[in-house]
Each structure stands twice: as structure tokens, then as C-alpha cells.
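Visitor: below are the sequence and a predicted model; questions follow.
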Amino acid sequence: MNPFFPFLLLLLLAASGYSFHHPIHGSSIRLITELSSTTEKSEATLNTDNKEDDEIIDLNEIISVQPSKKNQVISQLILDDLNSLDEFSACLSPKQEKEQVLSEGEEFDSRPDRIAKWKRLVKNVKRLSPFQKKTKKGKLVLMRCGHSVYHANGTFTGWLDPPLSERGLEQCKHAASLLVTEGFEPDVVYTSRLKRSIVTSWKVLEAMDSLFIPVVKTYRLNQRMYGSLQGLSKSETAAEVGVDVIQAWRNTLKAKPPRLLRDDPSHPCHDRRYADLDNDLIPSSESIFDCKERARPLWDYKIKKDIEEGKTVLVIAHRDSLRGIVSVANGVKDEDIGSVNFLTGVPAVYKFDDDMNPIEPEVDPALKQTHTSGVFLEKIEGVRRALETQNQTQYKIENAGQRSKRRLDNLQTTMANLRGLNGTDSGSMANGEAQNNGKKWTDDSDEFEDFDDQEETDDPVHANILPLSNDKKVDYNSKQEGPFVVLIRHGRTPHNNMGLFTGWEDPPLAEGGVEDAMNAGRLLKRHGFEFDVVYTSWLTRAIQTAYYCLSELDMFWIPMVKSWRLNERMYGDLTGKSKKMIANEYGEDQLVKWRRGHAIRPPPTSSYSLSYPGNDLRRAKHFKDLRISWRETINRSIESRKFSIHRRFPKTESLKDCMDRSIPFYTQRIKREAVDQGKRVLITSHENAIRGILMHLCDIPQEAMNKLHLPNGLPLVYNVRGRCITLLDDGSGADPMGQHDFGPAAKYLFRPCELDDQFFEEMEAKSREASAV
């Protein structure tokens with residue numbers, strides 16, 4: 001039998017119009033019959049595509065189509081795709097899909113203050129009641145993440161993780177201004193696990209003054225997996241394999257690029273951020289259809305439910321995953337998905353009726369998204385004209401007239417060569433190490449207490465110090481094993497610098513405060529710290545501290561849980577005032593009582609004061625676990641002439657009140673779902689909330705708590721096994737106890753670590769291993 005007979009038979013069947021269609025995705029056999037039409041359609045497709053698309057480039061302007069190259073490539077496409085049929089990742093039953101979607105992120109629920117099961121049951125019963133008034137459906141806002149640095153050099157990105165470019169950061173601000181101008185206030189944000197989309201959500205919410213909103217990070221919103229194309233130059237790849245082939249991979253619904261081998265170091269199966277996923281869920285290559293199927297369950301089981309509950313859902317993701325969401329939300333036909341596009345920096349809004357059917361808008365056609373009910377918040381053509389000048393030079397290729405001179409027999413080898421030519425790989429997008437590792441912290445004065453007139457001990461306090469490696473050739477310590485808890489007080493704010501009582505007011509970090517947070521991240525990185533989850537408050541300064549710290553660790557993707565129970569102490573009527581102002585108003589003696597008293601509350605703020613938390617309506621609606629204040633409810637219902645529930649927000653707090661919420665949050669939430677499971681925990685919060693946690697962890701006497709000072713941005717490492725606090729050596733040779741003021745209660749904070757039997761057993765095991773070597 002002629003060895004070429006099967007191949008000739010396949011070509012014959014393809015020429016006759018027959019297509020071999022895998023039950024889950026189309027193979028490249030079908031691609032053969034589509035290639036001829038793809039070439040003619042490519043120019044028209046590009047004219048309707050988003051010109052600023054980081055995955056789209058007019059390849060016909062770079063290299064002319066060579067029909068002979070098509071035949072040379074087809075055989076390898078067939079073999080590659082037939083061999084990769086078992087690599088498709090979405091082979092889950094509907095039940096398995098639902099379980100996987102609902103379980104992702106449940107370990108650390110990123111939504112604030114989870115509702116108890118019995119409350120959820122009552123809520124579901126009320127929903128089924130025939131007398132229950134229908135909830136007005138919420139809105140869906142889809143936004144494409146800002147441009148990454150790979151966009152500037154024309155690189156296929158996919159699941160690679162480059163940071164945003166400066167232009168991408170500007171696009172975030174532009175999107176936030178559009179959302180604020182049009183009056184959109186998201187209740188929850190969904191984004192991918194890739195840095196460029198997470199940073200986009202951070203910067204958009206920061207510009208909207210809405211960082212407290214929960215952000216759900218899921219791999220289902222990752223960009224389409226581009227297989228062996230990832231990290232390659234678009235122009236060089238087109239020159240090697242042909243424009244028509246690249247266009248087919250990009251625009252054909254079920255055509256996939258060649259898969260990325262799993263032993264490739266850049267394959268996502270080697271990335272810690274996907275360690276919670278089964279290996280079968282991590283793709284080696286995806287078509288547009290595959291990406292849609294990956295995103296679909298997220299709509300079915302989470303996003304749709306949120307909209308049905310009346311929430312405004314903001315989804316910040318990537319072109320093809322957004323196409324997947326909108327295709328199931330709006331019933332877009334498969335053949336039309338490729339022409340649905342999203343502009344970076346321009347959100348698209350979708351509305352639904354009571355039956356969750358899309359509502360067709362009556363707007364200017366220039367604002368309408370093709371094939372959907374989506375409405376852009378800015379005219380597409382206007383954005384294109386504004387960006388046209390910049391876009392003209394972004395894909396300019398040297399030697400544009402150069403033609404391909406050779407064709408390698410093996411397409412996989414071609415990709416490997418191109419990867420080397422392009423000079424990009426999975427390691428090239430990590431942030432460079434900052435040059436100012438040696439910078440020191442500058443502590444602000446304590447927000448409430450001072451220690452000038454309090455007793456001090458003559459006995460020196462010796463802290464536990466984790467040293468850096470003595471090996472001069474090694475910049476970082478080896479990875480620290482968990483479980484452990486790292487506590488960081490937020491970086492300095494303008495209020496700290498002016499000596500004002502901040503409390504629940506929400507200033508951002510000052511310039512020095514940003515440096516505090518970044519210094520903390522650099523120091524943790526040098527000591528080999530990695531984390532599994534972050535807990536923080538609802539206040540901007542603590543959330544920013546977490547983000548800047550994670551940026552230095554390159555761990556944006558880990559879950560971030562935000563809770564008001566980690567907020568700073570509520571200072572009541574003292575909020576925003578300095579100590580001198582308070583002494584002049586209330587007298588020095590009264591100030592001393594408020595300063596030193598553990599259970600003495602400052603005067604409460606008024607219900608109509610700007611500093612009263614209940615008047616911040618955007619945050620107030622997210623409180624679910626506070627008791628109802630019937631007095632406030634009656635007063636505000638009469639005032640507004642409609643019944644409105646108002647909760648019992650704190651009007652003032654003593655130090656004891658603050659600890660009564662932060663300590664249970666640690667013991668009942670953080671400890672149970674993270675520490676007891678062996679997780680590595682980062683807590684970025686405020687001085688009084690952290691004081692409460694330290695009081696519990698270190699058995700600090702109650703009367704000493706107001707004598708403990710915590711420097712801004714300094715990592716305090718709690719050793720779970722040794723039940724002790726450790727400081728990190730910054731490499732300067734200076735004693736941390738001389739650099740920072742911890743107050744007279746430092747002797748309670750820094751106690752020797754407890755050594756258990758397991759510790760000595762491990763030491764003996766290591767000694768035996770060393771002897772054997």
C-alpha cells in the first residue's frame with residue numbers, strides 16, 4: 001500500500017467538501033476547505049476588526065500571500081491537529097462544569113462577609129414566593145483589558161503574562177472616567193488570572209474610588225491559549241508559515257494553532273497560579289470555540305445569577321473570553337463570533353428584561369456593537385481616529401518586503417526557531433528587581449497614642465530575625481514553607497503625615513506610602529516568601545498596600561479577600577482632627593483617657609456626618625452581617641418617604657470594640673479556611689485591627705495593647721509552629737529594633753519561638769541527610 005494513500009484520501013475528501021468534525025472542536029481537516037475562503041475574507045475582516053487589537057495585525061501589508069506555501073503547510077497542520085485532539089480541555093459534563101465553576105475560589109470566598117446558610121435558605125424561599133416582588137435585573141458591563149507591553153512589539157500573547165504598558169494604564173483611567181460619567185457603579189468584578197487584566201481592574205476601580213468591591217479571578221476568563229504561537233513575533237511567524245494560515249488560526253471558529261508541548265517551560269501547567277486546576281483543564285492550544293466553551297459555564301452559574309439578583313457586573317478580560325461571555329449572554333451565532341470586537345478602554349453595556357433576554361438598545365448606530373445588544377460608552381470611530389496615529393507605527397516591521405526564503409519541514413521546529421529570534425519567553429515579562437532594595441522605612445507618628453510619658457523598661461528587647469542568605473552569589477533566600485501569617489500595616493497616608501486621626505476615612509496612600517508597600521514586597525521576595533491568599537480591609541490604603549506588595553512579588557493572581565472587620569478603629573467625632581485640636585476642644589485630661597483607655601469610646605459622630613459609614617451609600621449596601629438599626633431605619637424611611645433598611649453602623653469605637661471584630665475574623669475565618677489548611681497568608685490592614693490579631697496570637701496583656709506601636713509597611717512574620725513574631729533582615733546590617741519604634745509593649749510582641757518535637761525531628765532528619773552526603 002502506498003504510504004501516501006491516507007494523506008491523498010484526506011485531501012480528496014476535503015476537496016469534495018467533506019469535513020471531519022470532532023464532537024468537541026473542528027480539526028484542521030476542515031481548515032483546508034476554509035483556507036481558500038479565508039484569504040479572500042481576510043482584508044474585509046481586518047477592515048471591521050478593532051485596529052488596536054493586540055492579537056490582530058494586517059499581515060497582508062507585511063508579506064504577500066504565497067499560494068504555494070499553503071500546500072507546504074497543510075500536511076503539518078493535519079498531523080498536528082489530529083495528534084492534539086486529546087488535548088482539548090473542556091471535556092466536562094454539565095454537572096462537572098457546574099461543580100468546577102462553583103468550587104473555584106470557594107476556598108477563599110472573595111466576596112465580603114459570606115451569608116450564613118440559613119439566611120441563604122430564607123432568601124431562596126422568599127424568591128419562590130408568588131407575592132415576592134420581582135427584582136429588577138442588573139446590568140452587564142464588558143471591558144477589554146489595557147494594552148500590554150507585548151502589544152507594542154507585535155507578539156502573540158495568549159496565556160503569557162506581560163504587564164500593562166504606559167498606554168494600557170492610560171486606557172484604564174479613560175475607562176473609569178466613562179463609567180463614572182455614565183453613572184455605573186459595579187457591585188462585583190470578574191477578571192482573569194493574568195496580570196494585565198487584574199491590574200486593569202485594580203486601576204479602573206482605584207480611579208472610580210471603588211477598590212472595596214470584590215474581585216473574582218478565574219482562569220475561565222483567560223485569553224485564548226495560542227499554543228506554540230505564544231511569545232512569537234506576528235510578522236516573523238507570518239513570513240514563515242504564510243498569511244493565510246495565520247488568518248485561519250485567528251479568524252476561523254474551530255481552527256487551533258499548533259499546540260504547546262507540555263514539557264515546554266512556558267506551558268501553563270508549570271505555573272503555580274493554575275496548581276488548583278486538574279491538568280486536563282489546562283489547554284495546550286485553543287480555538288475561538290474552545291475559549292468560548294471555557295467561559296460559558298462562568299456565565300451560566302455565576303455572572304447570570306448576579307445579574308438576576310439586580311447586581312451590576314463588570315467583567316474585565318480579554319478579547320476572545322469576552323466574546324465567549326457575550327455569545328452566550330446574547331445568543332450570538334457561532335459564525336458571527338469572529339466579528340464581535342471590543343475596544344480597550346471603552347466598556348460595552350448590556351441590559352436584560354425580566355426573563356434575562358437581551359434588550360435591544362435604541363441608540364446611535366455608531367455606539368452599537370455588531371451582532372449583540374451591547375452599547376459602547378464612546379463612539380468606536382472616534383476612538384479609532386484618536387488612536388490611529390499611534391497604531392500606524394506599532395506594527396511597523398523592518399524589511400517589510402522581505403519574503404520567506406525557506407520552509408522548514410517540521411512546523412514545531414519553526415516555532416522554536418522563531419521563539420529564539422523573537423527573544424521573548426515566559427520569563428521575560430517578570431518585573432525587574434527594583435534597584436533600591438536598601439531603602440529604609442520612615443515610621444509615622446502613632447495615630448492615637450504616644451509613649452513619651454509612659455513607663456519604659458531598661459531591659460533590651462531582642463527580636464527574632466530571619467537572616468538573608470550568606471551566599472553572595474544568591475540574591476534571594478530559598479522558598480519559605482507554610483503555614484505562616486505575614487501582617488503589614490498599610491503604608492503612610494497624607495493623614496498620617498499630618499498627624500490626623502483617620503479611622504474609617506478613606507485617603508489613598510501618599511507617595512511615601514506607596515514606597516512603604518513596595519519595600520515590603522521587595523523584602524518578602526528577597527526572603528523567598530510566596531502566598532496563597534491575601535486578607536485586607538475595605539479601605540483604600542490597605543488595599544493599595546496589598547496590590548503594591550503583590551506587584552513586587554509578581555503574585556497579582558492570588559485571591560484577595562476584603563472585609564470591613566479589618567477596618568481601622570472608628571474614631572467617631574475625632575475623625576479628621578489632630579491631637580492639638582482635640583486637646584483644645586475637650587481638654588488634655590479627656591484626651592489622655594481616650595488615648596489610654598482600652599474600653600473608653602470617643603464621642604460618637606452624628607448620623608448625618610460625612611464621617612458616618614452609613615452615609616457612604618456605595619459601601620453601605622455591601623454590609624450583610626450588621627444588625628438592623630430600627631431607629632435609623634424609621635428616621636430615614638420617613639425622610640425619604642419610602643421604606644429603606646438601615647444597619648447599625650459604628651458611630652464610634654474603643655480599642656476593645658475594634659478588637660472584638662478583628663480577633664473573631666481571624667479565629668473564625670482566616671485561621672479556619674487558610675492557616676489550619678497549611679496556607680501562606682498575607683494580611684494588610686490597620687494598626688488597631690492588627691493589634692487585636694497580635695493580642696490573640698502573642699498573648700499580649702490587654703493593658704499593654706495601647707502601648708504597642710506598629711511601623712508602616714513593615715512585615716511582621718508570625719511563625720505558626722513557633723508561636724512567635726519574626727522580623728526580616730534587610731541586608732543593611734542594622735538592628736531592626738534600632739530602626740523602628742514598637743513602643744513599650746515590644747517585650748510582649750517579641751518573645752522566643754517555641755520549639756516542638758516536630759522541629760527537633762526535622763533537624764535530626766536534615767543532619768542525617770547532610771551526613772549521608
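Guide: Everything's here; your move. The shown structure was predicted, so the numbers you read here are calculated from the model rather than taken from an experiment.

Visitor: list the contacts of the closest residue to Glu360 other than its chain neighbours.
Guide: Using Cβ to Cβ, 6 or more residues apart in numbering and skipping residues adjacent in sequence, the residue nearest Glu360 is Ser373, 5.3 Å away. Every C-beta, even on glycine, is put in place using the N, C-alpha and C of the backbone. Residues in contact with Ser373 (Cβ atoms under 8 Å, 6 or more residues apart in numbering) are Asn330, Tyr350, Lys351, Pro358, Ile359, Glu360, Pro361.

Visitor: quick one, grab the pLDDT at Ser373.
Guide: Ser373 is assigned a pLDDT of 93 by the prediction.

Visitor: in strands, which of the contacts of Ser373 fall?
Guide: Members of those lying in strands (criterion: DSSP state E): Tyr350, Lys351.

Visitor: of the contacts of Ser373, which is the nearest to Met560?
Guide: Ranked by distance to Met560 (Cβ to Cβ), the contacts of Ser373 are led by Tyr350 at 26.5 Å.

Visitor: I figured the closest one hits Asn330, correct?
Guide: Yes - using Cβ atoms under 8 Å, Tyr350 is in contact with Asn330, at 6.8 Å.

Visitor: tell me, what's touching these two both at once?
Guide: Pro358, Thr372, Ser373, Gly374.

Visitor: select from these the one having the most neighbours.
Guide: When neighbours are counted by other Cβ atoms under 10 Å, Gly374 leads those with 24 neighbours.

Visitor: ok, that residue to Leu140 distance?
Guide: Gly374 sits 9 Å away from Leu140, taking Cβ to Cβ, to the nearest Å as the criterion.

Visitor: which neighbours do those two share?
Guide: Val349, Tyr350.

Visitor: so between Tyr350 and Asn330, which is more surrounded?
Guide: Under the criterion of other Cβ under 10 Å, the comparison of Tyr350 against Asn330 puts Tyr350 first, with 22 against 19.

Visitor: okay, now the closest residue to that one other than its chain neighbours: neighbour count?
Guide: Nearest residue to Tyr350 in three dimensions, chain neighbours excluded: Leu140, at 4.3 Å (Cβ to Cβ, 6+ apart). By other Cβ under 10 Å, 27 other residues sit near Leu140.

Visitor: mind giving me the packing neighbours of the helix or strand containing Leu140?
Guide: Leu140 is part of strand 139-144 when elements are defined by DSSP states H and E. Contacts defined by 3 or more Cβ pairs under 8 Å, 6 or more residues apart in numbering; DSSP states H and E place strand 139-144 against strand 313-317, helix 319-330, strand 348-351.

Visitor: now do the contacts for Ser148.
Guide: Taking Cβ under 8 Å, 6+ apart, we find Ser148 in contact with Asp54, Thr157, Pro162, Pro163, Leu164, Ser165, Gly168, Arg196.

Visitor: now the two most distant members of those residues.
Guide: Asp54 and Pro163 (13.2 Å).

Visitor: and these two? Which one has more around it.
Guide: Relative neighbour count places Asp54 above the other of Asp54 and Pro163, with 28 against 19, counting by other Cβ under 10 Å.

Visitor: report pLDDT for that one.
Guide: On the pLDDT scale, Asp54 is placed at 43.

Visitor: now rank the contacts of Ser148 by neighbours and give me the top one.
Guide: Counting neighbours by other Cβ under 10 Å, Arg196 leads the contacts of Ser148 with 30 neighbours.

Visitor: helix or strand for that residue, which one?
Guide: Using DSSP H and E, Arg196 sits in helix 195-207.

Visitor: then that helix to CSV, C-alphas only?
Guide: The C-alpha trace of helix 195-207 is given here as CSV (Å, rounded to 0.1, in the frame of the first residue of the first chain):
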residue,chain,number,x,y,z
LYS,A,195,-1.6,40.3,35.2
ARG,A,196,-2.8,42.6,32.5
SER,A,197,-6.5,42.1,33.3
ILE,A,198,-6.0,42.1,37.1
VAL,A,199,-4.0,45.4,37.0
THR,A,200,-6.7,46.8,34.7
SER,A,201,-9.4,46.0,37.2
TRP,A,202,-7.2,47.5,40.0
LYS,A,203,-6.6,50.7,38.2
VAL,A,204,-10.2,51.1,37.0
LEU,A,205,-11.6,50.6,40.5
GLU,A,206,-9.0,52.8,42.0
ALA,A,207,-9.9,55.7,39.6
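
Visitor: quick one: that helix to chain centroid distance?
Guide: 8 Å (Cα atoms, centre = their mean, to the nearest Å).

Visitor: contacts for it, please.
Guide: 143, 145-146, 148, 161-164, 168-169, 171-173, 175-177, 179-180, 186, 189, 191-192, 211, 213, 215, 217, 221, 314, 316-318, 429, 508, 540, 544, 547, 551, 554, 556-557.

Visitor: show me where the stretch 451-600 of the chain has helices.
Guide: All helices of the stretch 451-600 of the chain, identified by DSSP state H, counting those that start in this stretch, fall at 494-498, 511-526, 540-553, 579-586, 588-596.

Visitor: can you add secondary structure and distance to Pro483 and give the shared contacts of Tyr350 and Asn330 back as JSON lines?
Guide: What follows is these, written out as JSON lines (DSSP: H, G, I helix; E, B strand; the rest coil; distance: Cβ to Cβ, whole Å):
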{"residue": "Pro358", "secondary structure": "strand", "distance to Pro483": "47"}
{"residue": "Thr372", "secondary structure": "coil", "distance to Pro483": "46"}
{"residue": "Ser373", "secondary structure": "coil", "distance to Pro483": "48"}
{"residue": "Gly374", "secondary structure": "coil", "distance to Pro483": "45"}
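
Visitor: from Ile316, how far out is the residue most central in space within the chain?
Guide: Nearest residue to the geometric centre of the chain (Cα atoms, centre = their mean): Ile198, 3.7 Å. Distance check for Ile198 against Ile316: by Cβ to Cβ, it reads 8 Å.

Visitor: hey, what's in contact with both of the two?
Guide: By Cβ under 8 Å, 6+ apart, the residues touching both Ile198 and Ile316 are Thr191.

Visitor: hang on, the earlier thing: which of the contacts of helix 195-207 fall in strands?
Guide: Within these, residues falling in strands by DSSP E are Met143, Val189, Thr191, Val215, Lys217, Leu314, Ile316, Ala317.

Visitor: correct me, but the third one touches His318?
Guide: What it means is Thr191. No - taking contacts as Cβ under 8 Å, Thr191 lies outside contact range of His318: 9.7 Å.

Visitor: what sits in contact with each of the two?
Guide: Cys145, Ser197, Leu221.

Visitor: count of neighbours near the last one?
Guide: Applying other Cβ under 10 Å, we find 27 other residues in the vicinity of Leu221.

Visitor: and it, what is it in contact with?
Guide: Contacts of Leu221 by Cβ under 8 Å, 6+ apart are Tyr190, Thr191, Ser192, Arg193, Ser197, Ala295, Leu298, Val315, Ala317, His318, Ser321, Ile325.
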